[in-house]
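> Just need the structure, nothing else, for what follows:
(one chain, ligands or ions: 5)
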Amino acid sequence: MIDSRVVKSVRMNMTEEMVERFVDAASRGDVAAVSSLISRCASLLDRPGANGWNALMLAARNGHYTVTETLLSHGADRLVVNRSSQTAYDIAKFWGHTHIGNLLVGTDDQSQHILETTDPSQEIYFSAEPLDRLSERRSDATWQQDKQNRPDSVFLLFSELSPLVHSLEPSTGSGAQTSLCRFSSSLVKELLLKPGSVLVFLGVERRRPSSSPETSSEPPAWFAINSTEDPEVLLKLGGEKDLFWARRPNRDLLNFSQDEAGILAQARAVLAWHSRYAFCPTCGSSSRSEEAGYKRTCTNASCSSLQGVHNTSYPRVDPVVIMLVLHPDGEQCLLGRKKVFPTGMFSCLAGFIEPGESVESAVRREVEEESGVKVGSVRYVACQPWPVPSSLMIGCLAVALSTDIKVDENEIEEAHWFPRQKVIDALFRGGSPVLLLSHQQTIAHQLVKHWIGCNSNL
Ligand SMILES: NC(=O)c1ccc[n+]([C@@H]2O[C@H](COP(=O)([O-])OP(=O)(O)OC[C@H]3O[C@@H](n4cnc5c(N)ncnc54)[C@H](O)[C@@H]3O)[C@@H](O)[C@H]2O)c1
Ligand SMILES: [Mg+2]
Ligand SMILES: [Mg+2]
Ligand SMILES: [Mg+2]
Ligand SMILES: [Zn+2]
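Ligands and ions are numbered 1, 2, ... in the order given. Predicted structure coming up:
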């Protein structure tokens with residue numbers, strides 16, 4: 001007679017073994033194995049494996065859309081948490097699998113599913129577009145004037161390109177520490193008449209899906225003003241006590257909510273262009289702002305820039321490649337540091353694209369110029385508007401063909417190959433004396449996370 005405890009422990013082992021097979025199949029994206037195991041034993045669905053993660057969490061971690069969809073269709077519980085109190089949604093978001101995150105919260109529009117890759121672009125700081133730019137309204141002077149006078153229009157104030165902001169209580173939960181100070185038209189009326197004020201129309205608030213279509217009133221319009229008036233006088237306009245000018249771009253501009261960061265990037269980049277192009281680049285005469293701040297026109301009637309379309313009259317966008325270069329062994333990445341970086345901080349190499357150059361060629365040229373490393377294949381990942389003053393960072397992964405490093409000492413202080421584990425420690429364990437990564441809101445940081453997230457066999 002076999003002892004009932006033996007039977008029980010054998011049965012237990014068999015079940016544990018089945019659970020491990022089930023979560024492993026989900027982790028590998030093996031939808032056939034997942035479906036067949038669920039059909040044989042439905043109770044496997046939410047069972048956690050030995051490491052405390054269940055099938056839905058592992059499918060979310062590794063970006064397996066179809067397995068996630070299958071588990072949800074069998075009723076997998078999206079709200080179960082692992083030992084770090086993370087749900088499958090938290091895990092998907094952390095690893096940049098936006099399409100899985102959307103599926104888990106039910107907002108999936110199937111579009112990203114086709115791309116089936118991690119898509120960090122949705123979360124890239126400075127890239128949100130909460131306003132409809134309504135570019136077709138820029139040359140409608142009557143419409144613009146009406147909007148400028150409307151009591152619900154919002155005006156952002158900049159002094160020499162620094163936005164007026166106020167600090168937020170930490171409890172806001174959005175992670176934002178600062179918020180843009182918003183003015184109504186009555187408060188800025190006089191300021192708009194000052195000769196040194198530049199006004200830019202940013203757009204109108206996008207209708208919330210919940211708002212009823214009959215909502216007659218048009219959503220509020222947003223504007224940005226750059227002023228040369230005394231900043232202390234302008235501060236008083238705000239009225240509130242804890243207002244300040246966000247003067248240090250690489251620090252003060254990285255603490256806003258995603259939406260405000262997107263608005264800030266648009267405003268600051270266009271205002272920066274106005275501040276540098278007060279005179280016509282073609283003939284040197286003064287120029288004036290037109291089309292709600294999206295064009296500058298020369299005041300010299302005989303200037304050739306008035307004939308046809310000239311790119312000198314429109315806001316600059318400077319394309320910059322920024323690349324995480326991977327060692328041929330796939331297990332190390334190339335990071336460099338400039339003299340101006342804080343001690344121990346390393347970042348991706350970057351460089352302005354030159355006229356007539358493709359993204360891929362710029363990646364290869366800049367990497368070789370700055371580190372001596374030759375690059376083969378280049379893959380686009382995501383981009384980031386970088387309003388300092390008006391760059392567009394084009395983020396790529398690149399694979400090295402050579403490994404010897406010889407830095408261009410004019411620009412790069414040092415550059416090294418960093419093993420994956422050292423980068424993981426820096427990413428998740430707050431850096432180490434030898435490696436501090438750039439601010440999490442930079443695309444350089446996102447590229448490193450994307451690389452680590454790509455290979456799920458952590
Ligand atoms: N967001 C991020 O993660 C991140 C990271 C690194 C750099 N950046 C930004 O990317 C930009 C370019 O990086 P870089 O400095 O290494 O470029 P780079 O390696 O091309 O070197 C800069 C030099 O390029 C020349 N240059 C060519 N075109 C230029 C232009 N349009 N404007 C200014 N200088 C130009 C100048 O001589 C300048 O000194 C920097 O301004 C920096 O703010 C952003
Ligand atoms: Mg360079
Ligand atoms: Mg560079
Ligand atoms: Mg360069
Ligand atoms: Zn001119």
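
> For the rest of this, base every contact and every neighbour count on C-alpha atoms.
Noted.

> remind me which residues of the stretch 51-200 of the chain are low pLDDT?
The stretch 51-200 of the chain contains residues with pLDDT under 70 at 107-122, 170-175.

> name the helices or strands packed onto the lengthiest helix in the chain?
Assignment by DSSP state H gives helix 4-28 as the longest helix of the chain. With contacts taken as 3 or more C-alpha pairs under 8 Å, 6 or more residues apart in numbering; DSSP states H and E, helix 4-28 sits against helix 31-40, helix 55-61.

> Which positions within it qualify as buried?
For helix 4-28, the neighbour count (16 or more other C-alpha atoms under 10 Å) marks E16, M18, V19, E20, R21, F22, V23, D24, A25, A26, S27, R28 as buried.

> just those residues: which has the poorest pLDDT?
Of all these, E16 carries the smallest pLDDT score, 90.

> That one: what's it in contact with?
For E16, the contacting residues are G49, by C-alpha atoms under 8 Å, 6 or more residues apart in numbering.

> Can you name the residue of the stretch 101-250 of the chain that approaches ligand 4 most closely?
Per C-alpha to the ion, N250 is where the stretch 101-250 of the chain lies closest to ligand 4, at 19.8 Å.

> related to what we said a few turns ago, would CSV of the buried residues of helix 4-28 with distance to ligand 5 be doable?
Shown next, in CSV, are these (distance: C-alpha to the ion, whole Å):
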residue, distance to ligand 5
E16, 77
M18, 76
V19, 73
E20, 72
R21, 72
F22, 70
V23, 67
D24, 67
A25, 66
A26, 64
S27, 62
R28, 62
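
> how about the residue in the chain positioned nearest to ligand 5, secondary structure?
Going by C-alpha to the ion, ligand 5 is nearest to C283 of the chain, at 4.0 Å. Secondary structure assignment for C283 (DSSP: H, G, I helix; E, B strand; the rest coil): coil.

> wait, isn't it in contact with S302?
No. Counting by C-alpha atoms under 8 Å, C283 stays clear of S302, with 9.5 Å between them.

> Now do the longest helix of the chain against helix 31-40, angle only.
Angle of helix 4-28 versus helix 31-40, following axes from the mean of the first three to the mean of the last three C-alpha atoms, to 10 degrees, is 150 degrees.

> what's the offset of helix 4-28 from the middle of its chain?
42 Å (C-alpha atoms, centre = their mean, to the nearest Å).

> Am I right that V204 falls within a strand?
Yes. Using three-state DSSP, the assignment for V204 is a strand.

> which ones are touching it?
V204 makes contact with L131, D132, R133, L134, P219, P220, A221, W222, according to C-alpha under 8 Å, 6+ apart.

> what's the answer for Y314, then?
Counting by C-alpha under 8 Å, 6+ apart, Y314 touches Y294, K295, R296.

> From ligand 3, how far out is it?
To ligand 3, Y314 is 26 Å away according to C-alpha to the ion, to the nearest Å.

> how much space between the nearest residue to M57 once chain neighbours are set aside and ligand 4?
Using C-alpha to C-alpha, 6 or more residues apart in numbering and skipping residues adjacent in sequence, the residue nearest M57 is A88, 4.4 Å away. Separation of A88 from ligand 4 (C-alpha to the ion) stands at 42 Å.

> Got the phi and psi for A88?
Dihedral angles of A88 (phi, psi; degrees, to the nearest 10) stand at phi -60, psi -40.

> Next: V320.
For V320, the backbone dihedrals (degrees, to the nearest 10) come out as phi -130, psi 130.

> what separates the nearest residue to it once chain neighbours are set aside from L392, distance-wise?
Of all residues not flanking V320 in the chain, F352 sits nearest, at 4.2 Å (C-alpha to C-alpha, 6+ apart). Distance of F352 to L392, given as C-alpha to C-alpha, to the nearest Å: 9 Å.

> and the stretch 201-350 of the chain, which of its residues are near ligand 1?
Selection of the stretch 201-350 of the chain residues close to ligand 1 by C-alpha under 6 Å from any ligand atom yields D318, V320, A350.

> Filter the residues you listed down to just the buried residues.
Buried among those by 16+ other C-alpha under 10 Å: D318, V320, A350.

> Where does V423 sit: helix, strand or coil?
Classification of V423 using three-state DSSP returns helix.

> Leaving out chain neighbours, which residue sits closest to H74?
Spatial nearest neighbour of H74, excluding adjacent residues (C-alpha to C-alpha, 6+ apart): L45 at 7.8 Å.

> which phi and psi does the residue nearest to C303 when sequence neighbours are not counted have?
Among residues not flanking C303 along the chain, C283 sits closest, at 6.5 Å (C-alpha to C-alpha, 6+ apart). Dihedral angles of C283 (phi, psi; degrees, to the nearest 10) stand at phi -130, psi -10.

> Number of residues surrounding C283?
14 (other C-alpha atoms under 10 Å).

> pLDDT at it, what is it?
The model's pLDDT for C283 equals 96.

> can you tell me how far it sits from F428?
53 Å.

> ditto for T312
Counting by C-alpha to C-alpha, the gap from T312 to F428 is 45 Å.

> Comparing the two, which residue is more hemmed in?
Higher neighbour count among T312 and F428: T312, with 16 against 9, using other C-alpha under 10 Å.

> check contacts around the residue nearest the centre of the chain.
Central residue of the chain (C-alpha atoms, centre = their mean): I124, 0.8 Å from the mean position. Residues in contact with I124, defined by C-alpha under 8 Å, 6+ apart, are C383, Q384, Q441, T442, I443, Q446.

> These: which two are farthest apart?
Taking C-alpha to C-alpha, the two most distant members of these are C383 and Q441; they sit 12.3 Å apart.

> Tell me how many other residues surround the closest residue to F22 other than its chain neighbours.
Once flanking residues are discounted, F22 sits nearest to V34: 6.1 Å by C-alpha to C-alpha, 6+ apart. Neighbour count for V34, taken as other C-alpha under 10 Å: 24.

> any idea how far V34 is from R206?
V34 sits 41 Å away from R206, going by C-alpha to C-alpha.

> Repeat that for L234.
Applying C-alpha to C-alpha to L234 and R206 gives a distance of 29 Å.

> One more: I424?
Distance of I424 to R206, computed by C-alpha to C-alpha: 38 Å.

> Equivalent analysis for V6, please.
Taking C-alpha to C-alpha, one finds V6 at 65 Å from R206.

> tell me the secondary structure for V399?
Put simply, V399 is strand when judged by three-state DSSP.

> Can you give me the distance of the residue nearest to it when sequence neighbours are not counted to P419?
Using C-alpha to C-alpha, 6+ apart and skipping the chain neighbours, the partner closest in space to V399 is L326 (4.8 Å). For L326, the distance to P419 equals 10 Å [C-alpha to C-alpha].
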